[in-house]
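1. Build me a model from this:
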Amino acid sequence: MTLCVLKWLMLIPVSFAITLASWVIAPLAVLLADSDGYLPKWLRWASTASTNLDGDSYNRSRWKSQYIRRVWWMWRNPGVVAQSTPPLGFAVEAGDVYGFEGDEETADNNGGHSGKVLAGAFSRQDLPAHRTDCHF
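-> Next up, the predicted model:
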């Protein structure tokens, strides 16, 4: 467990560097996006894996200017791909279970409603209780 804590402590400055780099490059990076709103492969570390740079429906409705919408999405989600995949994050595998506590429909945008939700973590159901892969 101590090695896991040390690993995560050492990755904190890396995470900050990725976030800052994403914020700085966003105004220029969006100019390199293709017509579908995806960054070139060499810049995908600075974007989200689940959607293009236009973001979710709320982001698309909030910002009419495509340029502003895409820069804002990168600022809102800095370096998500780089920070949610190994070595900074972890890969979700078949059999992993995600849990949460509260109202899963809580959102701060149109279509959502106020409430509380505490996001949980993925857990590996097939691992013995004494084993850890540094996932919190």
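2. Can you report how many residues neighbour residue 26?
-> Here the count is done by other C-beta atoms under 10 Å, and residue 26 has 20 residues near it. Placement of C-beta: from N, CA and C, glycine included.
3. and it, that one's in a helix?
-> Yes: assignment of residue 26 by DSSP: H, G, I helix; E, B strand; the rest coil places it within a helix.
4. need the contact list for it.
-> Neighbouring residues of residue 26 by C-beta atoms under 8 Å, 6 or more residues apart in numbering: 46, 71, 74-75, 78.
5. again, only this time at 7 Å
-> 71, 74-75 (C-beta atoms under 7 Å, 6 or more residues apart in numbering).
6. Select only the buried ones of those in PyMOL?
-> Of the contacts of residue 26, the buried ones go into a single PyMOL selection, burial set by 16 or more other C-beta atoms under 10 Å:
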select buried, resi 71+74
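7. Can you tell me which of the contacts of residue 26 is nearest residue 31?
-> residue 71 (9.7 Å; C-beta to C-beta).
8. secondary structure element for that closest one?
-> helix 66-76 (DSSP states H and E).
9. Just the CA trace of the helix or strand that comes right after that helix, in CSV.
-> Per DSSP H and E, helix 66-76 leads on to helix 80-84 as the next helix or strand towards the C-terminus. Output of helix 80-84 as CSV, limited to C-alpha atoms (Å, rounded to 0.1, in the frame of the first residue of the first chain):
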residue,chain,number,x,y,z
VAL,A,80,-8.6,13.9,-19.6
VAL,A,81,-7.3,11.2,-21.9
ALA,A,82,-3.7,11.6,-20.5
GLN,A,83,-5.0,11.6,-16.9
SER,A,84,-7.6,8.8,-17.1
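10. Now helix 80-84: average pLDDT?
-> Across helix 80-84, the average pLDDT comes to 74.
11. which helices and strands sit right next to it?
-> helix 2-29 (3 or more C-beta pairs under 7 Å, 6 or more residues apart in numbering; DSSP states H and E).
12. Go through the helix it packs on and flag the buried ones.
-> 15, 18-19, 22, 25-26, 29.
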